[in-house]
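Peer 1: Compute the structure for the input listed below.
(one chain, ligands or ions: 2)
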Amino acid sequence: MGKIIAVVNQKGGVGKTTTTINLGASLALEDKKILIVDFDQQANATISLGITREDVKYDIVDVLSTEILEKAIMKTTVRNLEIIPASIKLASLEEVLPKTSDRIYTLDSNLKKIKEQYDYILIDCPPSLGLIVDNALYASDSVIIPVECSFYAYDALTQMVQKIDEVQKNKPIDIEGILLTKLDNRNTFGYKIIEKVEFMFPNKTFKTIITSSSHIQEAPMHGKTVIQFSFNSRGSKEYRELANEILNK
Ligand SMILES: Nc1ncnc2c1ncn2[C@@H]1O[C@H](COP(=O)(O)OP(=O)(O)OP(=O)(O)O)[C@@H](O)[C@H]1O
Ligand SMILES: [Mg+2]
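Peer 2: Ligands and ions are numbered 1, 2, ... in the order given. Here you go, the predicted model:
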């Protein structure tokens, strides 16, 4: 019980945050208890779940630097889905963490205290490979790597997988799956990327593919997941399928 999954890719704009919130909402719908950790100073996951900057009293930096863990956990409008919000304070994480080599285990030691209260903890990572992502990887049992069906995405994926291999030398961590996102199905190019990724990582690529959808894009503007915003839309269906693929593994 209690699995921690980091949603990572050092490439920006590939669908990490979109996947974190919509997969989180889909798992919550299946009666799983979910915590999202917003680990990006952009705070996109926090804002997409309808939480404003003014609503946030304590954020993930307070969790990592003080003893206020439980106080930072906020409810969302999705039943079974809670979040530890982020703020711009994450930009100064380097200064807040201890200077010792175990600083990469700060998130890990905090999440261990609450892991058993949740079925899944999803960590929304920033587009980088620095201290924040190290903290996320050392706290996680597995990773989901969203990959946009575009030309540059492929190169970034190879680097990301190398990074996971490095971490694996120090602690066990699985690739939960590579998730192809933002497929434009009017254009054959995206399918070529899918073929390449499935060929390179045949057992690691999710069967579910997330197509490009205006509902997915618009939902955060209303502070909602696509599941709440448009339950029957294709984007909502795809994220619910992804949740089932993960649950039925
Ligand atoms: N399936 C999709 N269809 C249409 N738009 C999408 C889809 N997935 C994500 N987007 C849009 O693409 C943009 C980037 O998505 P998102 O913020 O989830 O990526 P990210 O990897 O978290 O980015 P960053 O690296 O900046 O954190 C957003 O505007 C989002 O609404
Ligand atoms: Mg993001």
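
Peer 1: which residues of this protein fall in strands?
Peer 2: Remark: strands assigned in the chain by DSSP state E are 3-7, 34-38, 74-75, 81-84, 120-124, 142-148, 174-181.

Peer 1: just these: most buried one?
Peer 2: Most buried of these, by mean neighbour count (mean count of other Cβ atoms under 10 Å): strand 34-38, with a mean of 28. For glycine as for every other residue, the C-beta is placed from the backbone atoms N, C-alpha and C.

Peer 1: Quick check: mean pLDDT of it?
Peer 2: Averaged across strand 34-38, pLDDT comes to 98.

Peer 1: May I have that strand as CSV, with CA atoms only?
Peer 2: The C-alpha trace of strand 34-38 is given here as CSV (Å, rounded to 0.1, in the frame of the first residue of the first chain):
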residue,chain,number,x,y,z
ILE,A,34,-4.4,10.3,-3.7
LEU,A,35,-1.9,13.0,-2.7
ILE,A,36,-0.3,15.2,-5.3
VAL,A,37,3.0,16.9,-4.4
ASP,A,38,3.4,20.0,-6.5
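
Peer 1: Any chance of TSV for the strands of the chain, columns distance to residue 214?
Peer 2: TSV is the format used below for the strands of the chain (distance: least, Cβ to Cβ, whole Å):
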stretch	distance to residue 214
strand 3-7	22
strand 34-38	23
strand 74-75	28
strand 81-84	23
strand 120-124	22
strand 142-148	16
strand 174-181	15
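
Peer 1: so can I have JSON lines of those strands showing distance to ligand 2?
Peer 2: Below are these laid out as JSON lines (distance: least, Cβ to the ion, whole Å):
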{"stretch": "strand 3-7", "distance to ligand 2": "8"}
{"stretch": "strand 34-38", "distance to ligand 2": "9"}
{"stretch": "strand 74-75", "distance to ligand 2": "18"}
{"stretch": "strand 81-84", "distance to ligand 2": "14"}
{"stretch": "strand 120-124", "distance to ligand 2": "6"}
{"stretch": "strand 142-148", "distance to ligand 2": "10"}
{"stretch": "strand 174-181", "distance to ligand 2": "12"}
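
Peer 1: Strand 174-181 and the biggest helix by length in the chain, what's the angle between them?
Peer 2: Criterion DSSP state H: the longest helix present in the chain is helix 153-168. Put simply, helix 153-168 runs at 170 degrees to strand 174-181, going by axes from the mean of the first three to the mean of the last three Cα atoms, to 10 degrees.

Peer 1: Show the contacting residues for the residue lying closest to residue 218 once chain neighbours are set aside.
Peer 2: Excluding the flanking residues, the one nearest residue 218 by Cβ to Cβ, 6 or more residues apart in numbering is residue 229, at 7.0 Å. If you count contacts by Cβ atoms under 8 Å, 6 or more residues apart in numbering, residue 229 has them with 215, 218-219, 222, 236.

Peer 1: Go back to these and keep what's next to ligand 1.
Peer 2: Among those, no residue lies close to ligand 1 (Cβ under 6 Å from any ligand atom).

Peer 1: which of the residues you listed are buried?
Peer 2: 219, 236 (16 or more other Cβ atoms under 10 Å).

Peer 1: does residue 190 really touch residue 181, like I thought?
Peer 2: No. Proximity of residue 190 to residue 181 does not meet the contact threshold set by Cβ atoms under 8 Å, at 10.0 Å.

Peer 1: Give me the common contacts of the two.
Peer 2: residue 149.

Peer 1: so where do the helices sit in this protein?
Peer 2: Going by DSSP H, the chain shows helices at 16-29, 44-48, 60-65, 93-96, 106-112, 131-139, 153-168, 189-200, 214-218, 226-229, 234-247.
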